[in-house]
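Fold the stuff below for me.
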Amino acid sequence: MSVHIGAEPGEIAERVLLPGDPMRAKWIAETFLDDPKCYTQVRGMLGFTGTWQGVRVSVQGSGMGLPSASIYTHELINEYGVRDVIRIGSCGALAEDLHLGDVVAAIGSATDSNMNRTRFDGLVDYAPVADFTLLRTAVEVAERRGTPMRVGPILASDMFYTDRPDLYDKLADYGVLAVEMESAGIYTIAARYKARALTILTVSDHIKRNEAMDSAQRETGFSSMVQIGLDTAIEGV
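Numbering: from 1, shown residues only. Purely as a prediction, here's the structure:
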């Protein structure tokens, strides 16, 4: 039984969707999974296991930011034998040709966090990347579902509110599609412990155009991302 999750052995599936928001985890479990059971409420970070098309899948809230997401990813892999971690969440678009509601898959995750610099003693700028098999499966699933999905690099930032929006302009010039707060940590922990990870995001805000989904759009606009994530979880073997 892990410190932050507290589930019993066997209660968590080998495939886990990892939204940041615990209430989004609850919504996913109750909306999409058959026979979902809550296995943790520790610290209010809800986790559920059910089935999707007959295959066991878990959904675990991870909290906001690299430190929190890294803790949950570490414990899922090392304490519960999880092999596939698929982050699903929202992002702020940096690319001009992205729009609210668009789906993005992160092939790699740049970061302004010091976590990996500390991990590699400041000697290497480690490049956290997605598992290729999961990414390829997600692309195929999105095509089959008729959902356009952009694939490219994103930024995992320590700062939700930044004093340097000019850096976002430079990142966009280098092809970075969007910004969120967890993916680099999840990719790094998965790589370290020989698991697989992927990040699939929905554009909830456009940073450069100052656009944002309202609460109703956020409630209903994430279904395509979730279904791609669930199909990828059960097919990406």
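
so how far is stretch 157-167 off the chain centroid?
20 Å (CA atoms, centre = their mean, to the nearest Å).

For it, C-alpha coordinates in CSV please.
Output in CSV follows, covering the C-alpha atoms of stretch 157-167 (Å, rounded to 0.1, in the frame of the first residue of the first chain):
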residue,chain,number,x,y,z
SER,A,157,5.9,24.5,-17.0
ASP,A,158,6.2,25.0,-13.3
MET,A,159,4.3,28.3,-13.6
PHE,A,160,0.7,28.6,-14.4
TYR,A,161,0.9,32.4,-14.2
THR,A,162,4.1,33.7,-15.9
ASP,A,163,5.9,37.0,-16.0
ARG,A,164,7.6,36.0,-19.3
PRO,A,165,4.9,35.6,-22.0
ASP,A,166,7.6,36.4,-24.5
LEU,A,167,9.2,33.0,-23.9
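
quick check: mean pLDDT across that stretch?
For stretch 157-167, mean pLDDT rounds to 91.

Show me which parts of that stretch are buried, residue by residue.
For stretch 157-167, the neighbour count (16 or more other CB atoms under 10 Å) marks residue 157 as buried. In this view, the C-beta of every residue, glycine as well, is placed from N, C-alpha and C.

what's the answer for stretch 21-33, then?
Residues 21, 22, 24, 25, 26, 27, 28, 29, 32, 33 are the ones in stretch 21-33 that count as buried (16+ other CB under 10 Å).

which ones among these are found in helices?
Among the buried residues of stretch 21-33, the members found in helices (DSSP state H) are 22, 24, 25, 26, 27, 28, 29, 32.

Can you tell me which of those is nearest residue 163?
residue 24 (28.4 Å; CB to CB).

so who does that closest one touch?
61, 89, 222 (CB atoms under 8 Å, 6 or more residues apart in numbering).

tell me which residues in stretch 109-117 are buried?
109, 110, 111, 112, 113, 115, 116.

Dump the residues you listed to a markdown table, plus distance to residue 38.
Below are the buried residues of stretch 109-117 laid out as a markdown table (distance: CB to CB, whole Å):
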| residue | distance to residue 38 |
| --- | --- |
| 109 | 30 |
| 110 | 35 |
| 111 | 32 |
| 112 | 35 |
| 113 | 31 |
| 115 | 30 |
| 116 | 33 |
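
Next, format those as JSON lines and append distance to residue 56 and secondary structure.
Shown next, in JSON lines, are these (distance: CB to CB, whole Å; DSSP: H, G, I helix; E, B strand; the rest coil):
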{"residue": "109", "distance to residue 56": "27", "secondary structure": "strand"}
{"residue": "110", "distance to residue 56": "33", "secondary structure": "strand"}
{"residue": "111", "distance to residue 56": "32", "secondary structure": "strand"}
{"residue": "112", "distance to residue 56": "36", "secondary structure": "coil"}
{"residue": "113", "distance to residue 56": "32", "secondary structure": "coil"}
{"residue": "115", "distance to residue 56": "31", "secondary structure": "helix"}
{"residue": "116", "distance to residue 56": "32", "secondary structure": "helix"}
